[in-house]
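>>> Got a predicted structure here, sequence first:
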Amino acid sequence: MSYKDVCVLIPTLNEEESIEPVIREFRALGFENILVVDGHSTDGTVAKAKAAGARIFIQSGSGKGQALKEVFEEIDEEFILLIDGDGTYLPTDAARILEPVLRGKADHVVGNRLGNVQGGALKRLNMFGNKMINLFFATIYRVHLTDILSGYRAFTTEGIRRLDLSTPGFEIESEITIESVKKGLRIIEVPITYRPRPAGTKTKLHPFRDGLKIILTIFRMAKTENPMFYFGLIGSFFGLAGFLIGLFVARDWLYWRIEHIPLTILTAILIIVGFQLFLIGMQGDMTASMHREMIRELHRKRK
């Protein structure tokens, strides 16, 4: 199969131990358009990538998300194959990931790592966190995907440029997935192999810090895709707080005739705010539904 219309995009930061074998394997598979976007590595990553035959793009800012946002506009090829440069993904899985986009069956393909994780590739804590994040995503966006944090993906260049991306760090995978859902891109998952990092390399991912950022990104973006969940959840917290304070106020008044005027006022405010947020969620949900229908209609007319 010819891959002349495919750009293999590899974001890197201090990956000198793994980047050269990854690039050479892709070239052996017939990929000629290999672009490394580097986040100001301080080791020999850039030199080794050049020696292996890749083009180099040095990002102006920092962070994986920032790197991808900058480089997407620089790609001329029709298709993009995104893969991390840490050696955890197999270049030989590229054909399986690219097949749906090359044949026009999908706009965005996600490589699902969780079906074939080699021993030591994912710690138990990371595996648990990954599954919880995927469940959280499915609950909000009503789309079942198994591995929204995968770093091995394929896109149509036209599709990826339709996305409004803003996150600068490791949240970028979840943001790309959410934006693809919001923009109505056809998403398919395919199984891939995920292997341990090569000896001598270290991950840049901080499970708790970056996991929290990913969860907050998923929740923050829900306000336009699933307003009922976003505002309803916040409203529930306000309402529950008001209800609990109200129980305390009612108990003291019923048993000892003690009045808590400020707490009574606070109870009323919290319950009213909670109810208003719930109504905002309902109105937003109707607006979001109409917006999605308009987008689908526009795509139908374009076709």
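In hand now; what should we look at?
>>> rest of the way, CA atoms for contacts and neighbours
Fine.
>>> contacting residues around W253?
W253 is in contact with E259, counting by Cα atoms under 8 Å, 6 or more residues apart in numbering.
>>> Helix, strand, or coil at it?
The local conformation at W253, judged by DSSP: H, G, I helix; E, B strand; the rest coil, is helix.
>>> Could you chop this structure up by domain?
6-221, 226-302 (automatic domain parsing).
>>> Who are the packing partners of the strand ranked longest in the chain?
Looking across the chain with DSSP state E, the single longest strand is strand 6-12. Under the contact criterion of 3 or more Cα pairs under 8 Å, 6 or more residues apart in numbering; DSSP states H and E, strand 6-12 touches strand 34-38, helix 64-72, strand 79-82.
>>> residues in contact with that strand?
The contact list for strand 6-12, computed with Cα under 8 Å, 6+ apart, reads 31, 33-39, 41, 45, 64, 67-68, 75, 77-86.
>>> With mean pLDDT added, can I get the domains of the chain in JSON lines?
Listed next are the domains of the chain as JSON lines, based on pLDDT from 0 to 100:
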{"stretch": "domain 6-221", "mean pLDDT": "93"}
{"stretch": "domain 226-302", "mean pLDDT": "91"}
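>>> Out of those domains, indicate the one that is most buried.
The highest mean neighbour count among those, using mean count of other Cα atoms under 10 Å, belongs to domain 6-221: a mean of 18.
>>> Tell me which stretches of the stretch 201-303 of the chain form strands.
Read by DSSP state E, counting those that start in this stretch, the stretch 201-303 of the chain holds no strands at all.
>>> Tell me where it has helices.
All helices of the stretch 201-303 of the chain, identified by DSSP state H, counting those that start in this stretch, fall at 207-220, 222-225, 227-256, 261-302.
>>> Let me know the angle separating the last one from helix 227-256.
Okay, so that is helix 261-302. Angle, helix 261-302 to helix 227-256, by axes from the mean of the first three to the mean of the last three Cα atoms, to 10 degrees: 170 degrees.
>>> and helix 261-302, how far from the chain's centre?
24 Å (Cα atoms, centre = their mean, to the nearest Å).
>>> who does that helix touch, helix- and strand-wise?
Under the contact criterion of 3+ Cα pairs under 8 Å, 6+ apart, helix 261-302 touches helix 222-225, helix 227-256.
>>> let's see 7 Å
Secondary-structure packing of helix 261-302 (3 or more Cα pairs under 7 Å, 6 or more residues apart in numbering; DSSP states H and E): helix 227-256.
>>> so how far is S166 from the residue most central in space within the chain?
Against the mean C-alpha coordinate of the chain, by Cα atoms, centre = their mean, the closest residue is S174 at 0.8 Å. Distance of S174 to S166, given as Cα to Cα, to the nearest Å: 11 Å.
>>> Likewise for P196?
Distance of P196 to S166, given as Cα to Cα: 30 Å.
>>> cool, and E16?
Taking Cα to Cα, one finds E16 at 28 Å from S166.
>>> residue contacts, I271?
Neighbour list for I271: F238, G239, G242 [criterion: Cα atoms under 7 Å, 6 or more residues apart in numbering].
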